[in-house]
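K.L.:
mind folding the following:
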Amino acid sequence: MSSETEEPRRFNVLIVDDEAATRALLRATVEGLSVLCRIFEAVDGDSALEIARRTRPDLVLLDIVLPGSGTSGVLVCQELSKDRRTKVVIVSGRAADSVIRVCLYAGAIEHIAKPFSVPELRAKMEQWLSL
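P.N.:
Below is the predicted model:
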């Protein structure tokens, strides 16, 4: 008699931020989750979209201020939000009400202001990935 065990689901999480320290903190936050995650990182909008096409992330932690003349964080949010399976969360130092409204209108499920509380963000990520 063979017993088949189901492998636990692995979630794909894409971190998009041009600051290495922020990416490292977000990576550590994701690594502390109770669910298994594959973590991908991008430093700008164009590479974020390219990685997302390949990996189909379940959750994207996205800064809206990205370097270069390429794709902005808001445009990345709009594009990634087209896939209903992908949840986009803006993690940004810009927290004015107008910025938050633009991000939510672009398809983000939430805006988290930098600096953020790691335990609070981790709890929210657990919730988002369980939906």
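
K.L.:
make it CA atoms for all contacts and neighbour counts henceforth
P.N.:
Will do.

K.L.:
which parts of this structure are strands?
P.N.:
10-16, 36-42, 59-62, 87-92, 110-113 (DSSP state E).

K.L.:
restrict the third one to CA atoms and write it as PDB.
P.N.:
So the one you mean is strand 59-62. Written as PDB, here are the backbone C-alpha positions of strand 59-62 (Å, rounded to 0.1, in the frame of the first residue of the first chain):
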ATOM      1  CA  LEU A  59       2.600  38.200  -4.300                       C
ATOM      2  CA  VAL A  60       4.600  41.200  -5.500                       C
ATOM      3  CA  LEU A  61       6.100  43.600  -3.000                       C
ATOM      4  CA  LEU A  62       6.600  46.700  -5.200                       C
END
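
K.L.:
give the buried residues for it.
P.N.:
In terms of neighbour count (16 or more other Cα atoms under 10 Å), strand 59-62 has its buried residues at 59, 60, 61, 62.

K.L.:
tell me the contacts of residue 87?
P.N.:
58, 59, 60, 81, 108, 109, 128 (Cα atoms under 8 Å, 6 or more residues apart in numbering).

K.L.:
hmm, I was thinking of residue 54
P.N.:
Residue 54 makes contact with no residue, according to Cα under 8 Å, 6+ apart.

K.L.:
tell me how far residue 94 lies from residue 67.
P.N.:
15 Å (Cα to Cα, to the nearest Å).

K.L.:
go on, residue 29?
P.N.:
The spacing between residue 29 and residue 67, counted by Cα to Cα, is 23 Å.
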